[in-house]
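Visitor: Generate coordinates for the sequence data below:
(2 chains)
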Amino acid sequence: MIAEFGHFALVLAFCLALVQVGAPLFGLARTQPRINELAAPAALTQFLCVALAFAALTISFAVSDFSVSLVANNSHTDKPLIYKISGVWGNHEGSMLLWVLILSGFGAAVAYGARRLPEALKVRTLVVMGAVGAVFLAFVLFTSNPFLRLDPAPFQGAGLNPILQDPALALHPPLLYVGYVGLSVAFAFAVAALWLGEVDAAWARFVRPWILVSWSALTIGIALGSWWAYYELGWGGWWFWDPVENASLMPWLIATALLHSAIVTERREGLKAWTVLLAMAAFAFSLLGTFLVRSGVLTSVHAFANDPARGVFILAILAVTVGGSFALFAWRAPLLKSGAVFAPVSREAALLWNNLFLTVATATVLIGTLYPLVLEALTGELISVGPPYFNTTVLPLAVPLLLAVPFGPLLAWKRGDLLAASRNLITVTGMTIAVMVIAYTFMGAHEGFAFLGIGLGAWLFMGAVKDLYERLQLARIPLAKSVKRALGLPRAAYGTALAHAGLGLLVVGVASAGSLRADRVEALAPGQSLAIAGYEVRLETTGSYEGPNYWSVYGDFSVLTAGRVIDRVRAERRSYPTEAQGTSEVGLHASLWGDLYVVLGEQQADGVSWAVTAAIHPFVRWIWFGAGLMTLGGLLSLSDGRFRVGAPRRARKKPGGAAASEGPA
Amino acid sequence: MRRRDRRFILIGVAGLTLVLAAALILTALSQRITYFYGPSDLVALDAPPEGAVRLGGLVEEGSVVRGQGLAVRFSVTDNAASVPVTFEGTLPDLFSERQGVVIEGTMGQDGVFEAHEVLAKHDETYMPREVVEALQRSGEWRGPIPSDAPPESEGP
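Guide: Prediction:
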């Protein structure tokens, strides 16, 4: 009954989405604004209907209603409640429903959240969002209905893939979807702006919160996925350049570019057409990601069900969206007149530099991801494009981009002084060199990439500190005045500095964990130990126990340095009988400077010893800590008063030139 | 500086970056890709391929032999041809006989494939598409493409 109710609510939501598109189109054609007013309530009720449907599916999962096919295939009565609930989006159909839920929620937020949104822009944005919603609801209803029944109902479900039964992975998909779907809001705004033929600073101010929401969610979502891969897959990898990871990285890169170009549009009314184009491209990339993940065209550890009908449907959505929006762009973009002129050295140019490298990097990732598909279609040859390709193409492009970051905030709008900015960065340069010398003496030159990467990270981090230092004019004016400036500084300025500092930490983590990792594999009997990087890892005992829905064999290890026990860790091998599958739970001795990572392998033929892998991952935590800081920076910018939904003022011109150097980026 | 000069500088920088990126991509694509073979393809070659390649197929039943320490030998088959593999290290959780695997490594002159990495698979019902296709090519594929798709059900 509950499932039928959910199905019905979903059909109703689809009809409401059609109303949200149709009514304003009719109203605009007949110039009857009263009809346009239907769009907002349609968006809200559509959201309520999808929420009801989602609740119905969640209840079916929570009470283990195995007469619902999706529940029977993805759940089990023995599973802890939290994983019964996260199981709702641990599969194709349920995750599409979550996608539609977020989409309709954002639609309702646009309809009722932003009261000052000009009516003409709002109606058009809602039409586009309604169209996107209708298409995805149709996709769910016609190809991926989560409410299909099973007759007869089985007594027990098939369970959820055990490696997905994890807190980080329960949150990873919803966050990514918030990111992807947030980009669809930016897309809707971009199409609406082209439709109106008008982009101004106010438009950018309405869009930026959505870009910030999706960028922050994508950042933390990708980071959680990488963190999960690190501790769950049992070999300490945190980024694989897997096609599906690339599918989430490309929207992130474009969203990052969009985040920066929208600043130029908001502050200087420049790069209008470019910002609109990026907003459309960002959504196109999130659709492409959806297609790659869900159509089965890719070989990937993440691959979802490969049902050709779904692939064709998403490909059709992608074709219509990309074709339609880019045709609209070609037709209407000439109407967008960018007023602002700027010198090749200026804040605008720095942001453009950022955009250039981010979009080119996206293109290289795109080519690497699609090349195997194209080659196979053309020649039948099977190849895999893996880390060697991406490392040799993306890293060289990242370096000039990252080197330029600290300059950006120090350059003035319109015409900047590169020499003055360089002079400003002399201390930062000195400290960077010092860090590199220290890193070099500790690690030596055998891994050149590591100490250069650490230097780059330090440069970014200290550049961000210097940015704040300059804004507060510390040590140049009395401290009390600096404090006053600190209180008056817009939150977006702190957000920028925090995000750039986080990026620096992330770069340090990637450079050192990526190239300084060391590991040892040995067969150990209880009482024996292996030595790695100054640590001694001793296998103390082994044993087994029964968990709620798995069996575990574990090894207890002592971690020693200089003969003293400093930590005890447990590494487990779990087997899940329902799913006929095993997982590794690694033992981690974690510290700021690096992780000692212990994996229990298989029992050896002698019956007493076990294969044990111990690995050192230097600075690996900095990757996720940095990503966390970047997310916080995004959220801090989001909380900036200027973006408070409903409060923006139209194209406020700041008096005088002082505004230029004060401007948060 | 005139407007035209500014535009020229911007376009110049962008063009240079694009050229650089294109050069990087082309070199990387010609040197940094890994070819994929099924056991039959690999055996049919006149000489073993240079550098690292991937080999995909099924772990042959009864072929897994554990040696000294962490060394392990097994064969990868598509039921038409079979390639012996040596590996030293810990195998992924899902490694077992009759399961699909993808292995990265080099093919020795002696016809033994030395594995550097046995790629972890996430799901016991999931089989790499390349493996399915390699099996189809050798005519040994039986049954539909496996996936973690729920079976189609008749429901209201």
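
Visitor: quick one: which helix or strand includes the closest residue to A:L351 other than its chain neighbours?
Guide: Ranked by CB to CB, 6 or more residues apart in numbering or on different chains and with sequence neighbours excluded, the top spatial neighbour of A:L351 is A:H260, at 4.7 Å. All C-beta spots, glycine's among them, are computed from the backbone N, C-alpha and C. Taking DSSP states H and E as the definition, one finds A:H260 inside helix A:243-268.

Visitor: Can you name the residues that contact the residue nearest to the spatial centre of chain A?
Guide: The residue lying closest to the centre of chain A (CA atoms, centre = their mean) is A:L218, at 1.9 Å. Counting by CB atoms under 8 Å, 6 or more residues apart in numbering or on different chains, A:L218 touches A:L175, A:L176, A:G179, A:Y180, A:S248, A:P251, A:W252, A:A255.

Visitor: Relative to A:T256, how far out is it?
Guide: A:L218 sits 9 Å away from A:T256, going by CB to CB, to the nearest Å.

Visitor: Around the nearest residue to B:P48 once chain neighbours are set aside, count how many other residues there are.
Guide: Excluding its sequence neighbours, the residue lying closest to B:P48 (CB to CB, 6+ apart) is B:M107, at 3.8 Å. When neighbours are counted by other CB atoms under 10 Å in any protein chain shown, B:M107 registers 23.

Visitor: The longest helix along chain B and chain A, are they touching?
Guide: For chain B, the longest helix by residue count, based on DSSP state H, is helix B:3-31. Yes: if you take CB under 8 Å from any CB of the partner chain as the test, helix B:3-31 does meet chain A, through B:3, B:6, B:9-10, B:13-14, B:17-18, B:20-21, B:24-25, B:27-29.

Visitor: Just the buried ones from these, in PyMOL syntax?
Guide: Entered in PyMOL, the line below selects the buried ones among those, by 16 or more other CB atoms under 10 Å in any protein chain shown:
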select buried, chain B and resi 6+10+14+17+21+24+25+28+29
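
Visitor: farthest-separated two in the residues of helix B:3-31 next to chain A?
Guide: Farthest-apart pair in those is B:R3 and B:L29; separation 38.5 Å (CB to CB).

Visitor: Where do the strands of chain A begin and end?
Guide: With DSSP state E as the criterion, chain A has strands at A:383-385, A:518-524, A:529-532, A:535-546, A:551-561, A:564-576, A:581-585, A:587-591, A:594-603, A:610-618.

Visitor: which residues are in contact with the second one?
Guide: I take that to be strand A:518-524. Residues outside strand A:518-524 that contact it (CB under 8 Å, 6+ apart) are A:236, A:530-533, A:539, A:597, A:601, A:604, A:609-616, B:69-70, B:88-90.

Visitor: What of the fourth one?
Guide: The contact list for strand A:535-546 (CB under 8 Å, 6+ apart) reads A:524-531, A:551-561, A:563, A:568, A:589, A:596, A:598, A:610, A:612, A:614, A:616.

Visitor: Which among those count as buried?
Guide: A:524, A:529-530, A:552-560, A:589, A:596, A:598, A:610, A:612, A:614, A:616.

Visitor: sorry, back to before: how about the residue nearest to B:P48, what does it touch?
Guide: Residues in contact with B:M107 (CB under 8 Å, 6+ apart) are B:L42, B:P48, B:P49, B:V53, B:L55, B:V83, B:F113, B:E114.

Visitor: pLDDT of stretch A:356-367, averaged?
Guide: For stretch A:356-367, mean pLDDT rounds to 94.

Visitor: coming back round to it: tell me how far the helix holding A:H260 lies from the chain's centre.
Guide: Taking CA atoms, centre = their mean, to the nearest Å, the mean C-alpha location of helix A:243-268 is offset from the chain mean by 11 Å.

Visitor: For it, which helices and strands make contact with it?
Guide: Here helix A:243-268 is seen to pack against helix A:167-196, helix A:201-232, helix A:272-294, helix A:347-379 when contacts are counted using 3 or more CB pairs under 8 Å, 6 or more residues apart in numbering or on different chains; DSSP states H and E.
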